[in-house]
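*Asks:* Using only what follows, build the 3D model:
(2 chains)
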Amino acid sequence: MARRTSTDLRKHLFHIATLTDLSEEITSHRPFHRTVKATLYMVLGTLSVPRGAIFRFDREELAFVPIAIKGFDASKDNHLPVTRAQMRHLIGRNRYVALGSPPPGLKGFVQGVRDRLAHMQAQYFIPLVTRKELIGAIVLGPKLSRRSYNQEDFDLLPVMSNSIAVAIHNHQMFLSLQEKMREIKQLYENMREIYYDTVKAFAVAIDTKDAFTQNHSLRVAKYAVAIAREMHFSKDDLEGIYIAGLLHDIGKIVIDKVILNKEQTLSKDEKSEIHLHPLIGSEIIRNIKFPWRNIADIIRHHHERGDGHGYPDGLNDADLSLAVKIISFVDAFDAMTTDRPYRRRMSLEKTIDEICAYLNLQFDKRVTNVFFKILKKEITGELPDPQILPNLEVPFDAKIITQLLDALAYELST
Amino acid sequence: MAKFSVTDRVHDKYVVLYVNGYINNLGGEKIDERCSYYLKKGIKNFIINFERTELINSVGISILIGVIEKVLQVKGTLYFTNANRVSKEIFRMLELSKFAKIYDTEEQAVAHLLKKS
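*Replies:* A predicted model of the protein is given here:
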């Protein structure tokens, strides 16, 4: 009698330990397939059963699909199809089905299970149900000792199967959330693409208006990204400066075409009108909810200068963001290296001299230094994806420019 | 807790598997893997020495049941030795002891195995 009590106590302790392990396992952060496998082993180990499987219920396929198997051939087709009526039966029943004596309404299903799982000599089918939803099932083979399952086993099974059902249900919810996240991300990506395409269309419209600035906006965008990348801008900020480059002259859309293409010196009024384009541009853009920051501000200030002589606000160096300084620099660089209505393009050497002459007045020293470094790397072929040279329409002597840039690199770094 | 490991000693008639660490998770499948490895080599008799195993839970039992099934399939013999009191009680309670002979020491199991053969 005493021995019997001691064994019972040991058994209870073992069961409690299993339930504790089961809770720990299903709340762990281990990969789901490992967790399901471990929980199957816990059920089989506790009941001393060599063969068994855990299935998830696939609502679309209307079948139980194995997710953990022990003791039999996993390569066989172990899917268990079920009809909607049988599904309702299983949900309503919510307890084990003895495959040797199937209840009415499940005979056809049980026969199918027995046939499909003959290789594991399946004896019991335990539906996993949570909140009246069929989640999956546990299928158990005979005990190692070939004894019948006892009442203690049947008392323990619902406790374990409920925990496993919750674990599978939570995982399915997680997967469905992940799928939703993927869809949202895809929508966001599509939206970005649409933004890009719209912005590019704007840039083309801007550049088409001015016969002398064909592709100017695209070149400014590319040069700006080249500098920003070298200055380790984040991915989002790189996109932002690219968009700002494409749109920096959007205000010119409302400037008279005759003024934009005038070959003679502009009158004071005409100059004043042209000087309005950064303001108009920033106003056009201000109410657009871009996914990128400060686009309107970059557009407004791209004609400001560090010495305070720029427009429209006459800001000083300290008030200008790095992005503004980059756009301002590349805008001027492209203006100098392309034909304008009032003058021919400058040579690369002359452009570099001009930049040096206005260093710290119009052009930021740090931005200039980085740009020259990129230019040199592109000339010497160090950059795999050059952004400046392919767009440059001025001929130059690579040797002379390289020497010039080397000398300037020394000066700019001191 | 040291990392779970299984080492072995190979004799021409049997293999002793020394289990080092808790058998409480799927890491314990190393026992099954070693056993399968030697079964493929034609060895049918196994002694599993649990001297360095303090704890075996339901996952461990399930793994050991898998080993029992494999050994029985080839009509081999399996011995569990040096298990602590609690583990031995669990083996008996879950009736693993009907399929794996339980001895207090590895030497006793070897003696029985050699006498038998």
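
*Asks:* C-alpha from now on. contacts and neighbour counts both.
*Replies:* Noted.

*Asks:* Tell me how far A:Val367 lies from A:Lys350.
*Replies:* Using Cα to Cα, to the nearest Å, we find A:Val367 at a distance of 18 Å from A:Lys350.

*Asks:* per-residue pLDDT, A:Val129?
*Replies:* At A:Val129, the model reports a pLDDT of 93.

*Asks:* which SSE is it in?
*Replies:* Per DSSP states H and E, A:Val129 falls inside strand A:124-130.

*Asks:* Touching the helix or strand just after that strand from outside, list them.
*Replies:* Once the chain leaves strand A:124-130, the next helix or strand it forms, by DSSP H and E, is strand A:133-140. For strand A:133-140, contacts defined as Cα atoms under 8 Å, 6 or more residues apart in numbering or on different chains pick out A:44, A:49, A:51-57, A:64, A:87, A:90-91, A:122-129, A:161, A:165, A:168-169.

*Asks:* on that earlier part again, between A:Val367 and A:Lys350, which is the more surrounded one?
*Replies:* Counted by other Cα atoms under 10 Å in any protein chain shown, A:Val367 and A:Lys350 do not tie: A:Val367 has more neighbours, with 22 against 13.

*Asks:* Please list all residues in contact with the more buried one.
*Replies:* Residues in contact with A:Val367 (Cα under 8 Å, 6+ apart) are A:Ile227, A:Lys325, A:Ile326, A:Phe329.

*Asks:* average model confidence for the helix or strand encompassing the third one?
*Replies:* Using DSSP H and E, the secondary-structure element containing A:Ile326 is helix A:322-336. The average pLDDT within helix A:322-336 is 96.

*Asks:* just checking, what packs against it?
*Replies:* helix A:216-230, helix A:235-247, helix A:295-301, helix A:365-379 (3 or more Cα pairs under 8 Å, 6 or more residues apart in numbering or on different chains; DSSP states H and E).

*Asks:* before we move on, the earlier item: check the contacts of strand A:133-140 one by one and keep those near chain B.
*Replies:* Applying Cα under 8 Å from any Cα of the partner chain to these, one finds that A:Leu44, A:Val49 fall near chain B.

*Asks:* List phi and psi for A:Phe363.
*Replies:* Main-chain torsions, A:Phe363, degrees, to the nearest 10: phi -110, psi 130.

*Asks:* Can you tell me how far it is from A:Thr351?
*Replies:* Remark: distance between A:Phe363 and A:Thr351 (Cα to Cα) = 12 Å.

*Asks:* which one of those two has more residues nearby?
*Replies:* When neighbours are counted by other Cα under 10 Å, A:Phe363 comes out ahead of the other of A:Phe363 and A:Thr351, with 23 against 18.

*Asks:* Quick check, the more buried one in contact with A:Gly306.
*Replies:* Yes: using Cα atoms under 8 Å, A:Phe363 is in contact with A:Gly306, at 7.1 Å.

*Asks:* still on that earlier bit, would you mind giving the contacts of A:Val367 as CSV with neighbour count added?
*Replies:* Converted to CSV, these look like this (neighbours: other Cα atoms under 10 Å in any protein chain shown):
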residue, neighbour count
A:Ile227, 26
A:Lys325, 27
A:Ile326, 27
A:Phe329, 25
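
*Asks:* so which of the residues you listed comes closest to B:Val59?
*Replies:* Set against B:Val59, the nearest of these by Cα to Cα is A:Ile227 (58.9 Å).

*Asks:* where's the closest residue to that closest one other than its chain neighbours relative to A:Ala137, distance?
*Replies:* For A:Ile227, the nearest residue in space outside its immediate sequence neighbours is A:Phe371; the separation is 5.9 Å by Cα to Cα, 6 or more residues apart in numbering or on different chains. Separation of A:Phe371 from A:Ala137 (Cα to Cα): 65 Å.

*Asks:* Same question for A:Gly251.
*Replies:* Going from A:Gly251 to A:Ala137 by Cα to Cα gives 66 Å.

*Asks:* A:Leu47 too?
*Replies:* 17 Å.

*Asks:* list the contacts for A:Ala98?
*Replies:* The contact partners of A:Ala98, taken as Cα under 8 Å, 6+ apart, are A:Gln123, A:Tyr124, A:Phe125.

*Asks:* Beta-bridge partners for it, please?
*Replies:* For A:Ala98, the beta-bridge partners are A:Tyr124 (DSSP bridges).

*Asks:* would A:Lys252 count as being in a helix?
*Replies:* Yes: according to DSSP: H, G, I helix; E, B strand; the rest coil, A:Lys252 belongs to a helix.

*Asks:* mind listing what it touches?
*Replies:* A:Ile206, A:Ile274, A:His277, A:Gly281.

*Asks:* which residue is nearest the middle of chain A?
*Replies:* Nearest to the mean C-alpha position of chain A, by Cα atoms, centre = their mean, lies A:Lys185 at 6.3 Å.

*Asks:* for chain B, same thing?
*Replies:* For chain B, the residue nearest the mean C-alpha position is B:Ile48 (3.0 Å; Cα atoms, centre = their mean).

*Asks:* Using just helix, strand and coil, how would you label it?
*Replies:* Using three-state DSSP, the structure places B:Ile48 in strand.

*Asks:* quick one: contacts for it?
*Replies:* Residues near B:Ile48 by Cα under 8 Å, 6+ apart: B:Val16, B:Leu17, B:Tyr18, B:Val19, B:Leu78, B:Tyr79, B:Phe80, B:Thr81.

*Asks:* Please tell me the pLDDT value assigned to the second one.
*Replies:* Per-residue confidence at B:Leu17 stands at 96 (pLDDT).

*Asks:* In its sheet, which strands sit next to the one helix or strand it maps to, and in what direction?
*Replies:* Using DSSP H and E, B:Leu17 falls within strand B:15-20. Here strand B:15-20 is paired, per DSSP bridges, with strand B:5-10 (antiparallel), strand B:45-52 (parallel).

*Asks:* Tell me which of those sits most buried.
*Replies:* With neighbours defined as mean count of other Cα atoms under 10 Å in any protein chain shown, the strands paired with strand B:15-20 peak in mean count at strand B:45-52, which reaches a mean of 22.
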